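*Asks:* coords below, sequence missing:
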């Protein structure tokens, strides 16, 4: 094994000067035994101290070479009857083990059942051997401990976590359509109890070290600099008491639930998981099944159950889609937004927001919460007061659920200034305009504030539909004018569309992309067009729902088809949620821009003129009553619909679903043809983050791949008579002929080493 590039000295990491050399056939440096990913030294005792530090990587992951090296080391440790114990830590401060290697994770979708079986068996065998080492073992966890990393530490006798907020422990496999497949579903319940184990495994959520200590997942939470010291003390204690051997004996047997206890616990859990997943995400239920079938068996028998259950989800289409989403999100987090690597973003020290309405206040709050000094300007003091109330409510709501503190509230308010004078913008690096979606108003304001802005300031517009190129003609400097489209509600929606006009500079785009990431958003760069990316694709879907309504489909049937597909709400409900006035205005923009295929719907305008604006007015397509504004059918709506009803027929569930989602797909493909975004992943992540397109389908284009272009063209055939909106784009026709996909599989799949 080659030496590490950065040798770890015993003095630097809590070892003693007289640490002994280990008896491993590895290269040696200053008394420390080195490998490609693992360093070993002997502390007084002797106690072995293993340092996991993958070379040239920010995080430790279990790639195949790492697992092979660890397997060889375990073989050596099995012979070390002279050791009193073994400690394992990370050589990367604030990062423990991130789980599986990302490249091998991506290959899961293409692994054969035989490869999967080999990977599962290899992981089980390795961790079983760790659990049987002839001395007590302790994991020293500082930083994220995820997936396979958590399954490794579960196979050890004890775990101690650092009390740093960076220390988070999780089994997140269900989030990518898998289950913990290296022992997690069996060892976790035996360690923390059934209830806590079900919660952690079926949700995939992480727990900090203090909470992990409270439930028994770790022995204690201590400062990071004391981890080695406390680990040595724990080994001395457990050897004297013999507790480590008693624990092993107890955890190797059944959990010991009575039939009544098990029946009640799993009935409750299955109902809760079923309600949360709506039957669309099989992995949490599979994980629950593995726990249920295995916990009252011996550990060895339970692990066999887990291996069999894991095979049910690994390689499934849903798992492949969720892994694809994981990769797309990961890639977006590193995307600078431009292709020219020589262009660097400018530093942003202060941000101004023009407008204190729902969007403006939300945008200002997002920056202030991220400790970026922000100024909010509006023409009226009462509007600013409401904006501050809105900002405070965002943090107050998080305090209620334990995700923020009163100190966070004070910090946020200290970062947020308000004024009725635009002079507040004079020292801002970026000013974001967030006034009413009215082009004349917006461009008028640009002229009014141009003398106040610094010569190098970037001006961004939070517009959802209006052309950035056109409005740039009224901005102080077209190169430093850009769209920054946030989604409502700002505090919960991750997506920000960064819209570049024809003259927007690369530096401006890169700066806004970096700024969006600083406020914990996911930016996607979009070229200017009517509707940009998300609304351009969403509005044909929404409009098609109105066409179906006019042809005789019921509102409930239309919404049910969408939620059955996986959407968070149906298109009729979505109209009422966003506001019929907003939908009506956006629809007019689309009709003007895409006259060849967009269909005008006067029904919306009639409802708006009657004051039926949706939830905010108490009535739209449905009426909203009671304290929680629950929607109910309104007989009065029929008089608005009757003048526009073209048919009265039974529209099948199949037709409703096809027309809704084919409309969305066709416009998504047109966006790629028009080069509105740089790659298919930007389309898919835009819809997942912007409108809640179901992640288990992987995005609209990944859904196209799974359905197949040929099949989708066949589904289109009955609707071509409805006009150009159902005409297949040339790119889709070409893919049907060639068999190409938006996400082609790798030519050679990486060998699969097991779940993350």
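*Replies:* Alright, I've got the coordinates. Small disclaimer: the values here were computed from a predicted structure and weren't measured.
*Asks:* so what's the nearest residue to residue 732 once chain neighbours are set aside up against?
*Replies:* Sequence neighbours aside, residue 669 is the residue nearest to residue 732 in space, at 5.2 Å (criterion: CB to CB, 6 or more residues apart in numbering). Bear in mind the C-beta positions are built from the backbone N, C-alpha and C, glycine included. Counting by CB atoms under 8 Å, 6 or more residues apart in numbering, residue 669 touches 701, 704, 729, 731-732.
*Asks:* could you redo the last one with a cut-off of 7 Å?
*Replies:* In this structure, residue 669 makes contact with 729, 731-732, judged by CB atoms under 7 Å, 6 or more residues apart in numbering.
*Asks:* helices - which of the residues you listed land there?
*Replies:* 731-732 (DSSP state H).
*Asks:* if any of the contacts of residue 669 are buried, put those into a PyMOL selection.
*Replies:* The following PyMOL line selects those of these that are buried, judged by 16 or more other CB atoms under 10 Å:
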select buried, resi 729+732
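*Asks:* wait, residue 99 touches residue 151, no?
*Replies:* No: with contact defined as CB atoms under 7 Å, residue 99 does not reach residue 151; the gap is 9.0 Å.
*Asks:* the two: who's more crowded?
*Replies:* In terms of neighbours (other CB atoms under 10 Å), residue 151 is the more surrounded of residue 99 and residue 151; the figures are 30 against 26.
*Asks:* in the stretch 401-550 of the chain, what residue spans correspond to strands?
*Replies:* In the stretch 401-550 of the chain, strands defined by DSSP state E, counting those that start in this stretch lie at 416-419, 430-433, 458-461, 481-486, 495-500, 522-527, listed in chain order.
*Asks:* can you give the distance from the helix or strand hosting residue 382 to the centre of its chain?
*Replies:* Element membership for residue 382 (DSSP states H and E) is helix 381-400. Relative to the mean C-alpha coordinate of its chain, helix 381-400 is positioned 26 Å out (CA atoms, centre = their mean, to the nearest Å).
*Asks:* a strand runs through residue 683, doesn't it?
*Replies:* No: membership of residue 683 in a strand is not supported by DSSP: H, G, I helix; E, B strand; the rest coil, which gives helix.
*Asks:* pull up the gap between it and residue 410, please.
*Replies:* Separation of residue 683 from residue 410 (CB to CB, to the nearest Å) stands at 41 Å.
*Asks:* same question, residue 392
*Replies:* For residue 392, the distance to residue 410 (CB to CB) stands at 11 Å.
*Asks:* neighbour count winner among the two?
*Replies:* When neighbours are counted by other CB under 10 Å, residue 392 and residue 410 differ, and residue 392 comes out ahead with 16 against 11.
*Asks:* coming back round to it: what's the helix holding residue 382 in contact with?
*Replies:* Outside of helix 381-400, the residues within contact range by CB under 7 Å, 6+ apart are 356, 358, 360-361, 364-365, 368, 376, 378, 404-406, 408-409, 412-413, 416, 418, 420, 491.
*Asks:* so which elements touch the one helix or strand residue 333 maps to?
*Replies:* Assigned by DSSP H and E, residue 333 belongs to helix 317-334. Packed against helix 317-334, as judged by 3 or more CB pairs under 7 Å, 6 or more residues apart in numbering; DSSP states H and E, are the following elements: helix 102-107, helix 680-691, helix 700-707.
*Asks:* what comes up buried for it?
*Replies:* 318-329, 332.
*Asks:* quickly note the distance from residue 145 to residue 398.
*Replies:* Separation of residue 145 from residue 398 (CB to CB): 25 Å.
*Asks:* out of these two, name the residue with the larger neighbour count.
*Replies:* For residue 145 versus residue 398, neighbours defined as other CB under 10 Å are more numerous around residue 145 (33 against 16).
*Asks:* need the contact partners of whichever strand or helix holds the more buried one.
*Replies:* Residue 145 is located in strand 144-146, with elements delineated by DSSP H and E. Strand 144-146 is touched from outside by 95-99, 153, 168-170, 172, with contacts defined as CB under 7 Å, 6+ apart.
*Asks:* with stretch 50-57 instead?
*Replies:* With contact meaning CB under 7 Å, 6+ apart, stretch 50-57 is reached by 4-5, 8, 13, 36-40, 60-61, 66, 86-92, 97.
*Asks:* do the same with stretch 600-615
*Replies:* Applying CB under 7 Å, 6+ apart, the external contacts of stretch 600-615 come out as 543, 546, 575-577, 579-581, 583-584, 587, 591, 617, 619-620, 624, 629, 640-641, 644.
*Asks:* now the residues you listed: which count as buried?
*Replies:* Among those, the ones that count as buried by 16+ other CB under 10 Å are 543, 546, 575-577, 579-581, 583-584, 587, 591, 617, 619-620, 624, 640-641.
*Asks:* which residues sit in contact with residue 630?
*Replies:* residue 624.
*Asks:* and stretch 117-135, what's buried?
*Replies:* Buried residues in stretch 117-135, counted by 16+ other CB under 10 Å: 117-120, 122-124, 126-127, 129-131, 133, 135.
*Asks:* now tabulate those residues in CSV and tack on pLDDT, distance to residue 464 and secondary structure.
*Replies:* What follows is those, written out as CSV (pLDDT from 0 to 100; distance: CB to CB, whole Å; DSSP: H, G, I helix; E, B strand; the rest coil):
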residue, pLDDT, distance to residue 464, secondary structure
117, 86, 50, helix
118, 87, 50, helix
119, 85, 46, helix
120, 88, 47, helix
122, 90, 51, helix
123, 91, 47, helix
124, 94, 51, helix
126, 96, 52, helix
127, 96, 50, helix
129, 97, 57, helix
130, 97, 54, helix
131, 97, 55, helix
133, 97, 59, coil
135, 97, 63, coil
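*Asks:* of those, closest to residue 509?
*Replies:* Distance ranking of the buried residues of stretch 117-135 against residue 509, using CB to CB, places residue 119 first at 41.6 Å.
*Asks:* the closest one and residue 148, how far apart?
*Replies:* With the distance defined as CB to CB, residue 119 ends up 11 Å from residue 148.
*Asks:* now the helices: where do they sit in the stretch 651-756 of the chain?
*Replies:* According to DSSP state H, counting those that start in this stretch, the stretch 651-756 of the chain carries its helices in the segments 653-673, 680-691, 700-707, 709-716, 730-738.
*Asks:* oh sorry, the question was meant for the stretch 451-600 of the chain
*Replies:* Defined through DSSP H, counting those that start in this stretch, the helices belonging to the stretch 451-600 of the chain, from first to last, are 468-472, 506-518, 534-550, 555-565, 571-578, 580-593.
*Asks:* now do the stretch 251-400 of the chain
*Replies:* 259-277, 282-294, 299-313, 317-334, 358-369, 381-400.
*Asks:* please consider this matter closed, and thank you.
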